[in-house]
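Enquirer: the following block contains a protein sequence and its predicted model.
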Amino acid sequence: MTTKMSLPYYISWSKQNAVATLPIASNRDCTMILEDGQELLDLSGISFQAGFGLNNPVILKSMQEQISSNLSLCSPKAQFQLKDEMAQKLINLVGFEGKVFWTVSGAESVEKALKMIKLATGKHKILARKRSYHGATMGALAATGDWRHDPFFPEGSDTIRIPEPSDDPDLTKTRDLISQHGPENIAAFIIETVTGGNGVWVLPTSWWQGIQDLCDEFDIKLIVDEVVTGFYRTGKAMGFHHYPVKPDVVCMAKAITGGFAPFGAVWTAPWIAKHFEDNILACGLTNYGHPLGLAALSGVFKLIEDPAFHVRLKENIEIFNQKLNQIENHQNIKAIRKLGLLGIIEHKGKITFEEYQKVGLFVYNHEGDAILSPAMTMQPSELSDGLDKLIKVICEKSM
Ligand SMILES: Cc1ncc(COP(=O)(O)O)c(C=O)c1O
């Protein structure tokens, strides 16, 4: 990274007078090529979106064909075959009957999920975790529990913060909170199936069972945020497929287009679709159901419907597990958490982005620890070599 003081645009999540940028020239497969010719193997899928590499020919071809088709933009109310087909495929991927609302990002998916659930239940409070990130728009930020929430909601919001699963494994405290606030006021839980950027916390099946039981007992709805975990990132089509839950709403974005188009979607259960048959759906976006987003999604479906993708994914998950398990007991390691091709290595001390860059790696840095979410389509030998380099940096660093 280099520091540029006077850019004519902002860099996100940074103090602008000391911001580090990555001067990039182009991408090849899963490798970024910087302006000075340095090559960085992307072990984090940029910020989780690049699940199919940085230059995927199948997704790009699908988008190029759409551009050549004379249907590159249209009215939000437009109906066309690609839109119909992609909605049906998404419904099948989620695994339950339902209906899709299209969005343009993860935050917009969360935003629309919250609005739809509040409108459809007539209730306004939302249960959410402290260790969570749901997006940077105001509604999504209200649900978010990390440092980005507080400056905007000094007097609180309609979010009720539930105890962390480790402090409430049988959900007794969560049950008490529900009684205290009144289930008649609580619309839904919103939960990332595996916490992404806030530390890859994989939650016990018994905790998820407890959440589903509370939903059933008190008629509280369940929104799962699959923005990071959707589209096979955890080894299954959706992260929630690992757990005994039946969500009412599923938020998707990022890998929905492999990151090649700003796009997202919300799956909603049939009872929500039924509600909006006779009630106005007060949600909309100019770029609703954008043909280029749909075309990118169509490319993603071409990839994930190919049995070769699943062979590659399985092989990469095996490599990932084997490499990370091998250092579990190393003196520098504090904890490793992972599911599928999503993981965090927590170690003593901190390792900077630049230390990984020096050895040719692009790694998502979470408070000095490495969050890994490599492209699912990466060449296994490339993944193996990249992880060896990463492990060397971590294990050889004097902490
Ligand atoms: C779990 C989760 N939900 C929502 C979002 C927001 O997505 P976007 O940045 O596309 O708005 C993110 C972004 O990192 C995320 O990790």
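Expert: All right, it came through fine. Numbers count the residues shown, from 1 in each chain.
Enquirer: which strands and helices sit next to whatever helix or strand Ile336 lives in?
Expert: Here Ile336 sits within strand 333-339, counting by DSSP states H and E. Identification of packing neighbours for strand 333-339 by 3 or more Cβ pairs under 8 Å, 6 or more residues apart in numbering; DSSP states H and E yields helix 307-326, strand 342-347. Every C-beta, even on glycine, is put in place using the N, C-alpha and C of the backbone.
Enquirer: give me that answer again for 6 Å
Expert: Secondary-structure packing of strand 333-339 (3 or more Cβ pairs under 6 Å, 6 or more residues apart in numbering; DSSP states H and E): strand 342-347.
Enquirer: now the very next helix or strand once past the strand it packs on: buried residues?
Expert: Downstream of strand 342-347, the next assigned helix or strand under DSSP H and E is helix 353-358. Residues of helix 353-358 classed as buried by neighbour count (16 or more other Cβ atoms under 10 Å): Phe353, Tyr356, Gln357.
Enquirer: gap between stretch 134-146 and the chain center?
Expert: Remark: stretch 134-146 is offset 14 Å from the chain centroid, using Cα atoms, centre = their mean, to the nearest Å.
Enquirer: so what touches stretch 272-283?
Expert: By Cβ atoms under 6 Å, 6 or more residues apart in numbering, the residues outside stretch 272-283 that reach it are Lys99, Lys112, Lys115, Ala120.
Enquirer: with secondary structure added, can I get those residues in a markdown table?
Expert: What follows is the contacts of stretch 272-283, written out as a markdown table (DSSP: H, G, I helix; E, B strand; the rest coil):
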| residue | secondary structure |
| --- | --- |
| Lys99 | strand |
| Lys112 | helix |
| Lys115 | helix |
| Ala120 | helix |
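Enquirer: okay, Ser398: pLDDT?
Expert: With respect to pLDDT, Ser398 has a value of 78.
Enquirer: again with Gln81
Expert: Predicted confidence (pLDDT) for Gln81: 98.
Enquirer: need the max-distance pair from the contacts of stretch 272-283.
Expert: Farthest-apart pair in the contacts of stretch 272-283 is Lys99 and Lys115; separation 14.9 Å (Cβ to Cβ).
Enquirer: wait, Leu93 touches Lys236, no?
Expert: No. Using Cβ atoms under 6 Å as the test, Leu93 is too far from Lys236 to be in contact (10.4 Å).
Enquirer: those two: which has the busier surroundings?
Expert: Leu93 (21 against 17; other Cβ atoms under 10 Å).
Enquirer: nearest residue to that one other than its sequence neighbours?
Expert: Ala237 (5.1 Å; Cβ to Cβ, 6 or more residues apart in numbering).
Enquirer: next one: Ser206
Expert: Using Cβ to Cβ, 6+ apart, the closest residue to Ser206 is Pro169 (7.0 Å).
Enquirer: name the element the one you found belongs to?
Expert: Of the helices and strands defined by DSSP H and E, none includes Pro169.
Enquirer: what about it, how many residues nearby?
Expert: When neighbours are counted by other Cβ under 10 Å, Pro169 comes out with 15.
Enquirer: strands of the stretch 201-350 of the chain, start to end?
Expert: For the stretch 201-350 of the chain, applying DSSP state E, counting those that start in this stretch gives strands covering 221-225, 249-252, 264-268, 333-339, 342-347.
Enquirer: out of those, flag the one nearest the ligand.
Expert: The ligand lies closest, by Cβ to the nearest ligand atom, to one member of the strands of the stretch 201-350 of the chain: strand 221-225, at 4.6 Å.
Enquirer: and the residue of the protein that's closest to the ligand?
Expert: For the chain and the ligand, the shortest gap (Cβ to the nearest ligand atom) falls at Gly106, measuring 2.1 Å.
Enquirer: so this protein: which segments form each domain?
Expert: Split into domains by automatic domain parsing, the chain comes to 2-56+307-396, 59-304.
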